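Colleague: Sequence isn't available, so here's the structure alone:
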């Protein structure tokens, strides 16, 4: 049903022969989102505004804007999404992971078209190896999402949805970008139909950056890297409900950090921090619409990653493998939209230098979800999953959500969920130190998480405002503790007490054709038990306040963007120079304009040249017990950055 000024609505009706069936359709006023956005992260394929579970979407036009800022990776795209923070874990190598609403990065599951192509845990460098050129949109579920995605998603899920090939004609472009820090990106995008049913896309790139020591202390502030990426995709659809997506990928990268040539650490000796990565993956999604109106979906993927880490005199070589398979059936019946299925995931780790941490975890599971439209103003969604972990046993992960349409411009969403996370030796701390200093894992319990959220959205063209309240609790969270021993100075333990995180989010958007203004604010308060007992502490590297302002204006053939980012005070972890980071404001701007079928762009980030090393050194005066020479990165290390380039369409 479609009526101008109102949101389109799809419903199902059961008609019996020889009977008259009355159908009442209650249309809602059109929200501020002018184009229909279908969300795939919840598996039901419903429109964004009809989802009881809150799903936030970064649409294609915003993705395209961020491509011209950082064409080599998705870190900036995600970091500028409200409630998400890309946190540096290894300053010398530029490693970072993604925190959702203050929860540590290991709890975030990153998917590509619903597949774990980047592994069960993406790792601190994974974000920096994913080019955004082939993304159509980004879907974010915040809070425990284990009911749909298993034990790797107690912080949330980020689903990177790929661009589809055009139905006719061809999309082809080459992007060339150069940065003021001696970085270069060359990315190629191709997309075309092959027949009326077949099509393909391809993204490939080469990315380079030279090493930089901006404060001339002999230590790398920005790493050297050399990376090549290739990802072809093949699409098939018969136009009648049957479709197949096949994706393949390969990536090779080398990174170099630590002391610069001819320089030494404070102990008088050079110290290298290097990482070489090779990843190969492949996967597919197949959908089949049955005669009864149901949809059978099968997903599967395989990923293998090899790493060579160098931490001074220590070299660690390892291999990670992830195998994933899932089959589900979905359908509608009267007021219900449901999905049920089974999944199997196997994660394995092999290491020559640290065989004591090798594992092979297998987790079969079954799940179901049912969305019920109880009335015209209330939709309730219940989902649940049971997983059987090969080492830690069986776990049940429920989640319930509700969508209330209070009046035409206002909607309310409520959600609560529970999930579990199986322990591995990969933590933010061990990403920076390697596993060699770590004692063999003792008896560890699975981490148990609960989350609650409530949000209110008011939408009337051209405005949209959303306010969110969230709370999460993790019981038995893993932490790294000093042992005082020489052989293994670190060990992983379960904290004795819950980690509590609470906060608010606010986002206001004004959207007219060719003109966008977005303002956001996030308040975050997260505490955890002291690892050695004796009270609680604020979770490090979680700014209490963060805010953004983003303006994008179309002026003829040109687009002009202006951004402001505020990061408040945050607790620091074992920093010998200060206990809390200072608040700072970053400014940036983008100009790009069309020249025929191409676009030329210039972008500046951190115009005020804010840099952590202006406040205190990156390098510790004495090497830490865990082997680290550097403190955590809590503010920009790169200072002012200028980049510019051209997107050549052909």
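Modeller: Good, I have the coordinates. Note that the structure is a prediction, hence the values are computed from the model and not measured.

Colleague: Buried ones in stretch 533-552, by neighbour count?
Modeller: Under the neighbour-count criterion of 16 or more other CB atoms under 10 Å, stretch 533-552 has 539-544, 546-552 buried. The C-beta positions use only the backbone N, C-alpha and C, and glycine is treated the same way.

Colleague: Kindly apply the preceding question to stretch 130-144 instead.
Modeller: By neighbour count, and taking 16+ other CB under 10 Å as the criterion, the buried residues in stretch 130-144 are 130-135, 137-144.

Colleague: So for the protein, the centremost residue is which one?
Modeller: Centre of the chain computed as the mean C-alpha position; nearest residue by CA atoms, centre = their mean is residue 158, 4.2 Å away.

Colleague: Looks to me like it is in a strand.
Modeller: Yes. Using DSSP: H, G, I helix; E, B strand; the rest coil, the assignment for residue 158 is a strand.

Colleague: Endpoints of stretch 490-505, how far apart?
Modeller: Start to finish, the residues bounding stretch 490-505 are 36 Å apart (CA to CA, to the nearest Å).

Colleague: before we move on, back to that, show me the buried residues of stretch 130-144 that map onto strands.
Modeller: Taking DSSP state E as the definition of strands, the buried residues of stretch 130-144 contribute 135, 137-142.

Colleague: circling back: tell me which two in the buried residues of stretch 130-144 are the farthest apart.
Modeller: Between all members of those, the longest pairwise span (CB to CB) is found for 133 and 144 and amounts to 31.5 Å.

Colleague: wait, isn't residue 376 in contact with residue 406?
Modeller: No. When contacts are counted by CB atoms under 8 Å, residue 376 is not listed as touching residue 406 (11.9 Å).

Colleague: Now do the buried residues in the lengthiest helix in the chain.
Modeller: As assigned by DSSP state H, the longest helix anywhere in the chain is helix 60-67. Going by neighbour count (16+ other CB under 10 Å), the buried part of helix 60-67 is 60, 62-67.

Colleague: ok, the helix or strand harbouring residue 453: who's next to it in the sheet?
Modeller: Using DSSP states H and E, residue 453 sits within strand 447-460. Here strand 447-460 has these sheet partners by DSSP bridges: strand 410-421 (antiparallel), strand 463-475 (antiparallel).

Colleague: and the last one, what's its mean pLDDT?
Modeller: It stands for strand 463-475. Strand 463-475 comes out with an average pLDDT of 97.

Colleague: Can we start the residue count at 383 from this point?
Modeller: From this message on, residue numbering opens at 383, which makes the last subject strand 845-857.

Colleague: So for the next helix or strand after that strand, mean pLDDT?
Modeller: Scanning forward in sequence from strand 845-857, with DSSP H and E defining helices and strands, the next element found is strand 860-864. The average pLDDT within strand 860-864 is 95.

Colleague: Can you tell me what sits against strand 860-864?
Modeller: With CB atoms under 8 Å, 6 or more residues apart in numbering as the test, strand 860-864 has contacts from 805, 809, 811-812, 820, 826, 829, 871-877, 910, 913-914, 1007-1008.

Colleague: Quick check: phi and psi at the nearest residue to residue 707 once chain neighbours are set aside.
Modeller: If the residues on either side of it in the chain are set aside, residue 707 comes closest to residue 682, at 4.5 Å by CB to CB, 6 or more residues apart in numbering. Taking degrees, to the nearest 10, you get phi -160, psi 150 for the backbone angles of residue 682.
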